[in-house]
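Visitor: Okay, here's the prediction I keep looking at, along with the sequence it came from:
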Amino acid sequence: MAQVSLVAEERKLAGKGALNELRRKGKIPGVIYGKNIDTKPIAVDSKELNRLFREHGEGVLIDLVLGEEKYPVIIKEIQRDHLKGVINHVDFYRVSMTDKIEVDLPIILKGEPEGVKAGGVLQHQLHELTIEALPADIPEYIEVDISHLKIGDVLMVKDIKLSDKITVLDDPEEVVVTVLAPSIEEEETETAAETSEPEVVSKGKEKEE
């Protein structure tokens, strides 16, 4: 897992008014808690946090600099404004570099399957993998090469090869990716159309009566 630095400041005031004032100043309120630390209310610069996310993603290991102290943390929870899409609050969890932690990592697909080139349809069913490892051994994401998949092939969790230092917690038989034959998708589309068509006709007859 990549490790980057982020400067934080301790928050002295609480309440809705104080939080809104922080946000107007370009700060994002949050808390830090976890291994061998009391919960502390903090604030970070919104531009710096968004830049960190753009360059490294939300699963990055962060050195959170708070005064003269530096804490290794991960993002535990992000609260966003559903209308504006901006971050309202962030929870930072302090980790121990000698203790394993559980995290969800995005699955990034690499390559174009042979089956898709032949006219097949790609279905990406599992988008995250839950793993357990020491913080220093956790990658930013899981990259999976799917270029070899042919029509009818299925790639499961057990097929993803990772370091021996990483334990996968998902069901090994869970499907990550499948390549369907084009006829399957066409049949599903035709079936859906046939199912919906009688309802339209029925409504029309009711209106005529």
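Guide: Noted; the coordinates are in hand. Numbers count the residues shown, from 1 in each chain.
Visitor: then the top strand by length along the chain to PDB, C-alphas only?
Guide: When the chain is parsed with DSSP state E, its longest strand is strand 69-80. Output in PDB follows, covering the C-alpha atoms of strand 69-80 (Å, rounded to 0.1, in the frame of the first residue of the first chain):
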ATOM      1  CA  GLU A  69       2.900  13.600  16.100                       C
ATOM      2  CA  LYS A  70       2.600  11.400  13.100                       C
ATOM      3  CA  TYR A  71       0.000   8.600  12.900                       C
ATOM      4  CA  PRO A  72      -0.300   5.800  10.300                       C
ATOM      5  CA  VAL A  73      -4.000   5.800   9.400                       C
ATOM      6  CA  ILE A  74      -6.500   4.500   6.800                       C
ATOM      7  CA  ILE A  75      -9.800   6.100   5.800                       C
ATOM      8  CA  LYS A  76     -12.500   4.200   7.700                       C
ATOM      9  CA  GLU A  77     -15.600   6.200   6.600                       C
ATOM     10  CA  ILE A  78     -16.400   9.200   4.400                       C
ATOM     11  CA  GLN A  79     -19.600  11.200   4.700                       C
ATOM     12  CA  ARG A  80     -20.700  13.100   1.500                       C
END
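Visitor: what comes into contact with the helix or strand just after that strand?
Guide: Downstream of strand 69-80, the first helix or strand assigned by DSSP states H and E is strand 87-94. Contacting residues not belonging to strand 87-94 are listed as 8, 23, 28-37, 42, 44, 46, 49-50, 62, 64, 71-81 [CB atoms under 8 Å, 6 or more residues apart in numbering]. The way it works is simple: take the backbone N, C-alpha and C, and place the C-beta from them, glycine included.
Visitor: For the closest residue in space to residue 99 that isn't next to it in sequence, report the pLDDT, please.
Guide: Closest residue to residue 99 apart from its sequence neighbours, by CB to CB, 6 or more residues apart in numbering: residue 35 at 7.0 Å. At residue 35, the model reports a pLDDT of 81.
Visitor: Need the phi and psi values for residue 35.
Guide: phi -60, psi 120 (degrees, to the nearest 10).
Visitor: got the angle between the longest strand of the chain and strand 87-94?
Guide: 140 degrees (axes from the mean of the first three to the mean of the last three CA atoms, to 10 degrees).
Visitor: List the contacts of strand 69-80.
Guide: For strand 69-80, the surrounding residues in contact (CB under 8 Å, 6+ apart) are 3, 5, 32, 34, 37, 58-64, 86-97, 101, 103, 135.
Visitor: Show the buried residues in the contacts of strand 87-94.
Guide: Those of the contacts of strand 87-94 that meet the buried threshold are 8, 23, 28-32, 34, 42, 44, 46, 49, 62, 64, 71-76, by 16 or more other CB atoms under 10 Å.
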